[in-house]
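**Q** Structure for the following, please:
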Amino acid sequence: MTPAATAFVVAAAFAAGIVDAIAGGGGLLTLPALLAVGLPPQLAIPTNKGQSTFGTTASFASYWARGGIDRDRAIFAFGAGFVGSCCGALALLSMRPEPLRPVVIVLLTLAAAIVLLRGRIHALARPRKLAHPAVLVVAIGLAMGAYDGFFGPGVGSLLIVVFTLVFGDTLTRASGNAKVVNLASNLAALCIFASQGLVLWRISLPMAAANALGAVIGARFALSKGDRLVRAVVLVVVCAVILKLVVDMTRG
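**A** Numbers count the residues shown, from 1 in each chain. Next up, the predicted model:
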């Protein structure tokens with residue numbers, strides 16, 4: 001990594017902090033940035049997980065302190081997210097590097113679509129009485145944790161969609177509840193990746209600091225069209241990286 005490349009991914013992390021604070025999906029900026037500077041997926045994904053864990057921890061603490069999390073669901077969500085993420089991270093480690101590039105292209109495309117469509121489901125947010133809410137939370141935590149451990153970007157937005165559709169959470173409440181699974185899955189995957197020496201801390205730690213600073217600024221960003229603007233930026237960045245990956249595949 002050249003100094004210019006490091007500066008680029010740190011800048012992406014700063015922008016991702018702003019994106020996450022406004023619209024979610026910050027990982028759709030940081031992971032493509034790491035891939036764009038030449039890191040292979042088997043290093044880019046763990047390094048991205050290293051920097052994102054710090055921001056997720058701060059977000060979780062903020063939501064928890066302000067009562068923005070359903071605490072009766074939290075223990076089930078955390079446990080399931082942790083186990084699911086372990087499975088996803090181990091699956092990533094068991095794969096050969098060659099098939100990962102097309103997998104990343106597909107997952108990036110799906111994650112971008114989730115971020116762009118998330119804002120259209122707010123009308124479906126209404127409280128629901130469910131027979132077995134704990135079972136549903138565990139199922140969601142396992143599935144989303146596995147995805148986060150294996151890949152990650154877009155999982156926050158996907159969790160918000162699922163919690164809104166299944167439990168009728170408002171988007172704000174769903175965002176808080178999503179942080180429980182996010183935190184568990186990030187911690188589990190980070191532990192596994194770090195134990196294998198796959199997290200490039202010299203890159204991940206500066207990105208983490210920039211991400212936290214961006215989140216503080218993003219929380220104060222109150223332009224009426226901020227969310228729409230960020231989604232457009234995410235779409236452009238992801239499409240550009242997908243195109244780059246496709247070109248690389250055809251040449252390789």
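**Q** the strands in this structure, which residues?
**A** In the chain, no strands are defined using DSSP state E.
**Q** Excluding chain neighbours, what is closest to the residue nearest the centre of it?
**A** Residue closest to the average C-alpha location in the chain (CA atoms, centre = their mean): Pro153, at 3.8 Å. Excluding the flanking residues, the one nearest Pro153 by CB to CB, 6 or more residues apart in numbering is Gly27, at 3.3 Å. Backbone N, C-alpha and C define where each C-beta goes, glycine included.
**Q** quick revisit: list the contacts of the residue nearest to the centre of the chain.
**A** Gly25, Gly27, Leu28, Thr30, Leu31, Asn48, Leu107, Leu108, Ala111 (CB atoms under 8 Å, 6 or more residues apart in numbering).
**Q** thought the second one was touching Thr47?
**A** No: using CB atoms under 8 Å as the test, Gly27 is too far from Thr47 to be in contact (11.8 Å).
**Q** more crowded one of these two?
**A** The neighbour comparison of Gly27 against Thr47 (other CB atoms under 10 Å) goes to Gly27, with 29 against 23.
**Q** My read is that Val162 contacts Ile140, right?
**A** Yes: contact criterion CB under 8 Å: Val162 and Ile140 qualify, at 5.6 Å.
**Q** Could you give the number of residues near Gln169?
**A** Careful, residue 169 is Asp; it's not Gln. Asp169: 24 neighbours (other CB under 10 Å).
**Q** Pretty sure it sits against Val161.
**A** No: Asp169 is beyond contact range of Val161, at 10.3 Å (criterion: CB under 8 Å).
**Q** Quick check: neighbours shared by these two?
**A** Contacts common to Asp169 and Val161, judged by CB under 8 Å, 6+ apart, are absent.
**Q** The contacts of Pro153: which two are farthest apart?
**A** Within the contacts of Pro153, Thr30 and Leu107 form the most distant pair, 14.3 Å apart (CB to CB).
**Q** Tell me which of the two has more neighbours.
**A** Neighbour totals were compared for Thr30 and Leu107, and Thr30 leads with 32 against 18 (other CB under 10 Å).
**Q** Give me the pLDDT for the more buried one.
**A** We note a pLDDT of 91 for Thr30 in this prediction.
**Q** any idea how far the closest residue to Ala11 other than its chain neighbours is from Lys129?
**A** Distances taken as CB to CB, 6+ apart place Ala210 nearest to Ala11, at 7.2 Å, with adjacent residues excluded. Ala210 sits 43 Å away from Lys129, going by CB to CB, to the nearest Å.
**Q** Can you point out the buried residues in stretch 185-197?
**A** For stretch 185-197, the neighbour count (16 or more other CB atoms under 10 Å) marks Ser185, Asn186, Leu187, Ala188, Ala189, Leu190, Cys191, Ile192, Phe193, Ala194 as buried.
**Q** swap that for stretch 208-221, sorry
**A** Buried residues in stretch 208-221, counted by 16+ other CB under 10 Å: Ala208, Ala210, Asn211, Ala212, Gly214, Ala215, Gly218.
**Q** With stretch 172-179 instead?
**A** In terms of neighbour count (16+ other CB under 10 Å), stretch 172-179 has its buried residues at Arg173, Ala174, Ser175, Gly176, Asn177, Ala178, Lys179.
**Q** number of nearby residues for the nearest residue to the second one once chain neighbours are set aside?
**A** The reference is to Ala174. Nearest in space to Ala174, with sequence neighbours left out and distances taken as CB to CB, 6+ apart, is Phe163 at 3.9 Å. Burial of Phe163 is recorded as 28 neighbouring residues (other CB under 10 Å).
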